Structures are given as C-alpha cells and as structure tokens.
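# turn this into a structure:
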Amino acid sequence: MALIRDIATVCKSKNAGPFELTIDVVFDSAGMFRRVKATGVLSAALFARLYNVPEAHVLFTPYDAAYAFKATLPRLVPAGDFGDTDVYGCQQHAPLLDVDLPI
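Predicted coordinates:
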C-alpha cells in the first residue's frame, strides 16, 4: 500500500472557471503510472465520493503520455461566492493525499 502523497510527483487543484475544479495527479515514470492505473482506484467514482458530487458530473481522464490523471468536477460553492474558502481552488487536492493505493 502507498499513499498518493508519497508516490505522486504532482497532486494539485485549480479552478476550471468559477463553477468547476480541475485536479491533476502526475507520476514521474511510466512504470508507476501503469501500476496506479492498474489498481483502478483513481477513478470518477473516487472523485465523486471524496468531493461529494454525482459520479456523472466528474470528467475523469487518464493521460498515458503524461503519466497523469485529470478530474474536472463541479465546485460545491462557486469561486468567490459567500462561503467559498478557496477562491483559486488551489487547496482542493488535499483529500486525495491520503488515498491508499494497493501497489
């Protein structure tokens, strides 16, 4: 088992406009990327569960050439709206850091 925080080279989030958030998880080698991909843990279902959105609203894409996974999902609070605690969306990757992968 390994935590994403320990094996990903990059795990970051950012706004994809005021109503959506994009999260990227990047690995430094094809081997590690393939091992993570083979587990099936990183998926639309995982992002839906972690971010409390319907799975159908998560656009999840593995990018083999970049050894990366990208998920775009709706923000629960629009950027800059009352109650928003992260106007740039740059701290929203945190729930992923403790995801355990069976590798």
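
# the residue nearest the centre of the chain bridge partners, please.
Geometric centre of the chain, nearest residue: residue 23, 3.9 Å, by Cα atoms, centre = their mean. Beta-bridge partners recorded for residue 23 (DSSP bridges): residue 13, residue 71.

# and it, how far from residue 82?
According to Cβ to Cβ, to the nearest Å, residue 23 and residue 82 sit 24 Å apart. All C-beta atoms are positioned from the backbone trio N, CA, C, and that covers glycine.

# now residue 11: which helix or strand?
Here residue 11 sits within strand 10-15, counting by DSSP states H and E.

# distance check, the residue lying farthest from the centre of the chain against residue 73.
In the chain, counting by Cα atoms, centre = their mean, residue 82 sits farthest out from the average C-alpha position, at 24.2 Å. The gap separating residue 82 from residue 73 is 21 Å, by Cβ to Cβ.

# swap in residue 44?
9 Å.

# name the SS class of residue 25, please.
What DSSP: H, G, I helix; E, B strand; the rest coil gives for residue 25 is strand.

# need phi/psi at residue 37.
phi -60, psi -40 (degrees, to the nearest 10).

# do a quick rundown of the strands in this structure.
All strands of the chain, identified by DSSP state E, fall at 2-3, 10-15, 20-26, 59-63, 68-74, 100-101.

# how far is the third one from where the chain is centred?
Think strand 20-26. Relative to its chain's centre, strand 20-26 lies at 5 Å (Cα atoms, centre = their mean, to the nearest Å).

# on contacts alone, who are the packing partners of that strand?
The elements that strand 20-26 packs onto, with contact taken as 3 or more Cβ pairs under 8 Å, 6 or more residues apart in numbering; DSSP states H and E, are strand 10-15, strand 68-74.
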